[in-house]
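[1] Got a sequence here, can you model it:
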Amino acid sequence: MNLNPDQVSGYVTKFIDVLVDYSPKLISAFIILFVGIYA
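    Numbers count the residues shown, from 1 in each chain. As a prediction, this is how the structure comes out:
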């Protein structure tokens, strides 16, 4: 399966928008976790 970067970027953007609309606390916690792991 191969996806071009534009498709992946569009999918990720849509996914993030859904998460933000669904639960701001959830996405905030995910961002904090992500930063905590990779910072």
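
[2] okay, which residue is most central for this protein?
    Residue closest to the mean C-alpha point of the chain, counted by Cα atoms, centre = their mean, is Ile16 at 4.2 Å.

[3] Phi and psi next, for it.
    The phi/psi pair for Ile16 (degrees, to the nearest 10) reads phi -60, psi -40.

[4] For the helix or strand harbouring Val35, what is the distance to the chain centroid?
    Applying DSSP states H and E as the criterion places Val35 in helix 24-38. Between the mean C-alpha point of helix 24-38 and the mean C-alpha point of its chain there is a distance of 10 Å (Cα atoms, centre = their mean, to the nearest Å).

[5] same deal with stretch 31-39?
    Counting by Cα atoms, centre = their mean, stretch 31-39 comes out at 13 Å from the chain centroid.

[6] average pLDDT across it?
    Summarised as a single mean, pLDDT over stretch 31-39 is 88.

[7] Of all the residues in it, which ones are buried?
    Buried residues in stretch 31-39, counted by 16 or more other Cβ atoms under 10 Å: none are found. Yep, even glycine has a C-beta here, placed from its N, CA and C like the rest.

[8] Output that stretch as CSV, nothing but the C-alphas.
    Extracted in CSV, the C-alpha atoms of stretch 31-39 (Å, rounded to 0.1, in the frame of the first residue of the first chain):
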residue,chain,number,x,y,z
ILE,A,31,0.0,16.4,22.9
ILE,A,32,1.5,16.6,26.5
LEU,A,33,2.2,12.9,26.3
PHE,A,34,3.9,13.2,22.9
VAL,A,35,6.0,16.1,24.0
GLY,A,36,6.9,14.3,27.2
ILE,A,37,8.1,11.2,25.2
TYR,A,38,10.0,13.1,22.4
ALA,A,39,11.2,16.3,24.1
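
[9] from here on, count from 229
    Will do, 229 is the new start, and the previous item becomes stretch 259-267.

[10] show me what contacts the nearest residue in space to Val248 that is not next to it in sequence?
    Nearest residue to Val248, sequence neighbours excluded (Cβ to Cβ, 6 or more residues apart in numbering): Ile255, at 5.3 Å. Contact analysis of Ile255 by Cβ atoms under 8 Å, 6 or more residues apart in numbering lists Ile244, Leu247, Val248.
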